[in-house]
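Trainee: the amino acid sequence is not available; the structure is as follows:
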């Protein structure tokens, strides 16, 4: 692969892994966070969902800033944002203060992505045993981070987890002199107000889906607290189109409005994010079902991550010539099978196998070579921004998926307000999980359909 392709691809990959790392580290702490602020699950998942969408929206903003101010200057402020966000989240006395801290964390983390991508690229190109060891240690750190997070939070408390992030920010700041030269500018990336419009549109949809009361059926969608938000969020699509048309070098327009065929690709990527949402809820379901200790949160997440990493080896060894729709289709299919059987099976070892199968599904959708399809459809100068748009759609799908799944779990209020109660039981909670697993399986099957449709479109184009 040409060197010009590798950097944006590595940046896109690091973006995914940093998002997953934050998710699997914070998920074990959600129990304690929601108890602290007396939240139901439908608001509690905002701790993860808000970070995902802010991270994706901030990435092109911070990249653009680096081009004008210099990478060193931008990285310094990114670490500052990350440190302030971690501090605010760690000392927060209210839910809004906590969410503000999470948003700042996301902005800071996004500013570090291009630089981390360059460092990781150098490690993979190196033949040194020491640097190969660093790669293995980094992979192990990601895989077992949920276990460490669970134990740490159990012993020290969830607030100390954010203080660790604060120490990490200071440590990276002092390493800047060694890692980054004084004269270093970022890669020019297109910027448009459409990026902010897109982020606002997703946030309004998330608020609407959090407020909606699904048992009311069609009346839920027309409720005064929901309908205006939906109208404004969908109306922002028109504003996004207008903003993009006024820019000389638009960010979204060449990908979306200029080539409608790309909508299928971006919708498929959004569905991958949506299918990952269950990652936040599966551990608690397992602990509730078998009345296990909360320390198993981390073990379950690590098991899923190990399976996910194994798919990377499978793709590189045996499936390297397969297209993105084929590999992602297999990922959606594995996830759908896992969802369909998880609710009906009660044997603990069969459920462990289904967790592994779900990890395969997540791994195939993460590691599927989406860049091959994208690069065939857009011009080389649009590759970087195209991958960023893919990441924004993936984050949007993940954020909305978390909110929707949590709403289904919290559908029978007020009985499930305190969902984290270990002895919660009965037909009500079983019905909530039934809804959740059914929607997850259906969404994965939609992903399979989109994958088949995109595969058929690609074959059709090749035959012309």
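Mentor: Right, received. Where do you want to start? Just so it is clear, the model here is predicted, and its values are computed rather than measured.
Trainee: which secondary element of the chain has the worst mean pLDDT?
Mentor: Least confident helix or strand, the chain: helix 176-179 with a mean of 63, by mean pLDDT, DSSP states H and E.
Trainee: neighbours of residue 333, just the number please.
Mentor: The burial count assigned to residue 333 is 19, neighbours taken as other Cβ atoms under 10 Å. Quick note: C-beta positions are derived from backbone N, CA and C, even for glycine.
Trainee: which strand or helix spans the closest residue to it other than its chain neighbours?
Mentor: Using Cβ to Cβ, 6 or more residues apart in numbering and skipping the chain neighbours, the partner closest in space to residue 333 is residue 448 (5.4 Å). If you go by DSSP states H and E, residue 448 is part of helix 427-463.
Trainee: how far off centre is that helix?
Mentor: 18 Å (Cα atoms, centre = their mean, to the nearest Å).
Trainee: for it, packing partners?
Mentor: helix 262-275, helix 324-342, helix 383-409 (3 or more Cβ pairs under 8 Å, 6 or more residues apart in numbering; DSSP states H and E).
Trainee: if we can go back for a sec, next secondary structure after the least confident helix or strand of the chain?
Mentor: That would be, after helix 176-179 and using DSSP H and E, helix 194-211.
Trainee: pop out the phi and psi values for residue 156.
Mentor: The phi/psi pair for residue 156 (degrees, to the nearest 10) reads phi -100, psi -30.
Trainee: what about it, neighbour count?
Mentor: 12.
Trainee: and what of the one 10 residues further on?
Mentor: Each residue near residue 166 was counted by other Cβ under 10 Å, and the total is 17.
Trainee: again with the one 5 residues further on
Mentor: Applying other Cβ under 10 Å, we find 10 residues neighbouring residue 171.
Trainee: any idea how far residue 29 lies from residue 100?
Mentor: 18 Å (Cβ to Cβ, to the nearest Å).
Trainee: neighbour count for the two, which is higher?
Mentor: residue 29 (23 against 17).
Trainee: can you tell which of the helices and strands packed on helix 427-463 is closest to residue 220?
Mentor: If you check each of the helices and strands packed on helix 427-463 against residue 220 by Cβ to Cβ, helix 383-409 wins as the nearest, at 10.2 Å.
Trainee: mean confidence score for the closest one?
Mentor: In this model, helix 383-409 has a mean pLDDT of 84.
Trainee: report all helices and strands that it contacts.
Mentor: Counting by 3+ Cβ pairs under 8 Å, 6+ apart, helix 383-409 packs on helix 3-37, helix 41-44, helix 46-69, helix 194-211, helix 262-275, helix 370-377, helix 427-463.
Trainee: would you reformat those helices as JSON lines and include distance to residue 303?
Mentor: Rendered in JSON lines, the data for those read as follows (distance: least, Cβ to Cβ, whole Å):
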{"stretch": "helix 3-37", "distance to residue 303": "11"}
{"stretch": "helix 41-44", "distance to residue 303": "22"}
{"stretch": "helix 46-69", "distance to residue 303": "19"}
{"stretch": "helix 194-211", "distance to residue 303": "29"}
{"stretch": "helix 262-275", "distance to residue 303": "18"}
{"stretch": "helix 370-377", "distance to residue 303": "26"}
{"stretch": "helix 427-463", "distance to residue 303": "18"}
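Trainee: ranking the ones you listed by mean pLDDT, which is last?
Mentor: helix 3-37 (a mean of 73).
Trainee: re the thing from before, if you compare the helices and strands packed on helix 427-463, which one is most tucked away?
Mentor: Ranked by mean neighbour count under mean count of other Cβ atoms under 10 Å, these are led by helix 383-409, which reaches a mean of 25.
Trainee: quick check: pLDDT value at residue 90.
Mentor: 90.
Trainee: since we're on the closest residue to it other than its chain neighbours, how many residues are nearby?
Mentor: Closest residue to residue 90 apart from its sequence neighbours, by Cβ to Cβ, 6+ apart: residue 162 at 3.5 Å. The tally of other residues near residue 162 (other Cβ under 10 Å) stands at 22.
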